[in-house]
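*Asks:* Build me a structure from this.
(one chain, ligands or ions: 1)
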Amino acid sequence: AARPEPATQTRKPVQSENQSFEKLTGYRELRLQRSAADLIGLNNPFFRVHESRAAATTRIEGKTFANYSSYDYLGLNGHPAVSGAARKAIETYGTSASASRLVAGERPVHLKLEQALASHYETEACVVMVSGHATNVTTIGAILEPADVIFHDALIHNSVVTGAQLSGAQRRSFAHNDPAALEKLLEATRHEHRRALIVIEGLYSMDGDAPDLAAFVELKRRYDCWLMVDDAHGLGVLGRTGAGLHEHCGVDAADIDIWMGTLSKTLSSCGGYVCGPAVLVEYLKCTAGGFLYSVGMSPPLAAAAEAALSALHAEPERVERLRRNGNLFLAGAKKRGLNTGTSLGLAVIPVIVGDSLKAVTLSDRLFKRGINVQPIIHPAVPERSSRLRFFMTSEHTPEQIAETVAAVADELAALETGATLIEQLMA
Ligand code: PMP
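*Replies:* Sure, this is the predicted structure:
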């Protein structure tokens with residue numbers, strides 16, 4: 001299936017040179033990158049049109065690919081119970097909540113999902129919002145003020161940084177997964193601010209590693225801070241039953257002030273959640289702009305997420321399969337001398353190759369061999385640590401994994417011998 005043709009009759013608004021969208025910061029660089037890639041014949045690895053659902057295997061332009069670009073960690077996207085719940089919700093409620101829940105009212109599927117998530121993290125309450133990104137932005141924006149401070153991991157997701165900027169609070173980042181570095185910052189600066197929030201992630205999406213949660217709990221107690229965990233990639237992945245970061249670290253979930261996560265990954269839906277004390281949830285529901293002034297979650301998406309959470313609890317063998325697949329990939333990659341950084345070998349495994357051009361070229365060559373994996377390049381990561389990022393799922397087969405690891409190692413070796421990369425590409 002091709003992209004839909006653009007409308008035949010298109011018109012542009014009249015703009016001065018100064019107001020031209022082409023003058024937007026970063027647009028010129030984007031065009032230059034694209035032109036360079038076109039010149040050396042590299043396909044654009046982004047925004048590919050997939051003809052099937054996001055899963056371990058996909059179809060692109062009529063061809064089947066092993067797919068490492070979906071967050072469908074437990075293969076629940078398309079699970080009969082999940083799709084069935086969404087269908088049933090459409091029949092009852094239609095496709096839209098039609099307005100903010102404050103105005104349009106609650107649908108039982110919202111409340112059921114929130115109860116299930118609160119019970120998962122053993123918190124008093126939960127609120128779900130229409131996007132994971134918006135959940136972080138609006139939650140952090142609503143609970144911090146300029147007199148406050150946010151301490152976050154250096155690799156924290158963009159949505160946390162944007163939320164901090166919205167709040168006007170002082171923002172301080174500490175070295176990745178380094179509680180000692182946070183402690184130094186706390187010791188030096190905590191007293192300068194009124195309230196403090198520490199934000200870390202469950203499983204980091206660029207490196208596939210996890211923090212020492214107990215150490216952060218200890219610091220948040222000692223320096224009187226809130227601790228928020230963005231468990232977007234941890235739910236369904238970390239811990240024996242996939243409960244999340246607390247299970248992985250053997251820490252009581254109740255030691256964390258705010259559990260945040262997304263519905264778009266393991267739960268194969270769309271949206272974000274905040275689980276925590278009832279007062280916090282009540283406050284967010286009545287003051288956070290991204291909830292209050294935005295439509296309620298689409299009922300079929302709420303129903304799908306709730307069914308997926310039930311499937312996660314009912315079918316823990318999926319978590320075990322994901323772990324086996326991740327471990328298999330990691331062990332194979334290490335055996336072939338690939339640089340997988342600090343990955344735990346679960347849902348996210350990077351293969352770090354160095355510069356951006358090498359990462360894009362490797363991705364292109366793998367695509368030609370039936371493997372869809374995206375390069376992560378500067379500025380998303382530092383220039384010398386560009387990488388291919390493999391998202392594993394419980395549904396990849398051992399054969400797919402073995403073939404992929406071999407193809408990555410072979411193609412990388414071919415890129416690293418003989419002529420320079422530019423000479424090879426221009427040949
Ligand atoms: N937090 C983290 C750690 C993420 O990786 C993401 C997105 N990948 C988000 C929040 C935003 O979630 P969503 O894509 O569901 O909006």
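*Asks:* Do a quick rundown of the strands in this structure.
*Replies:* Along the chain, counting by DSSP state E, strands occupy 57-60, 63-67, 125-129, 149-153, 170-174, 196-201, 226-230, 258-262, 272-276, 348-354, 371-372, 374-376, 386-391.
*Asks:* how about these in TSV, adding mean neighbour count, mean pLDDT and distance to residue 216?
*Replies:* Every C-beta, even on glycine, is put in place using the N, C-alpha and C of the backbone. Output for those, formatted as TSV (neighbours: other C-beta atoms under 10 Å; pLDDT from 0 to 100; distance: least, C-beta to C-beta, whole Å):
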stretch	mean neighbour count	mean pLDDT	distance to residue 216
strand 57-60	18	96	37
strand 63-67	19	96	34
strand 125-129	24	98	22
strand 149-153	25	98	10
strand 170-174	18	98	10
strand 196-201	26	98	6
strand 226-230	25	98	6
strand 258-262	27	98	13
strand 272-276	27	98	16
strand 348-354	23	97	20
strand 371-372	21	98	35
strand 374-376	21	95	26
strand 386-391	25	97	25
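*Asks:* right, and the ones you listed - which one's nearest the ligand?
*Replies:* strand 258-262 (3.4 Å; C-beta to the nearest ligand atom).
*Asks:* so what's residue 296 up against?
*Replies:* The contact partners of residue 296, by C-beta atoms under 8 Å, 6 or more residues apart in numbering, come to 97, 98, 99, 100, 101, 104, 106, 107, 110, 130.
*Asks:* Mind doing that once more with 6 Å?
*Replies:* 97, 101 (C-beta atoms under 6 Å, 6 or more residues apart in numbering).
*Asks:* can the strands of the chain go into JSON lines with extra columns for distance to residue 30?
*Replies:* Formatted as JSON lines, the strands of the chain follow (distance: least, C-beta to C-beta, whole Å):
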{"stretch": "strand 57-60", "distance to residue 30": "23"}
{"stretch": "strand 63-67", "distance to residue 30": "26"}
{"stretch": "strand 125-129", "distance to residue 30": "30"}
{"stretch": "strand 149-153", "distance to residue 30": "27"}
{"stretch": "strand 170-174", "distance to residue 30": "26"}
{"stretch": "strand 196-201", "distance to residue 30": "27"}
{"stretch": "strand 226-230", "distance to residue 30": "28"}
{"stretch": "strand 258-262", "distance to residue 30": "27"}
{"stretch": "strand 272-276", "distance to residue 30": "28"}
{"stretch": "strand 348-354", "distance to residue 30": "22"}
{"stretch": "strand 371-372", "distance to residue 30": "22"}
{"stretch": "strand 374-376", "distance to residue 30": "15"}
{"stretch": "strand 386-391", "distance to residue 30": "17"}
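*Asks:* Can you check which of those strands gets nearest to residue 251?
*Replies:* Set against residue 251 and scored by C-beta to C-beta, these come closest in strand 226-230, at 9.8 Å.
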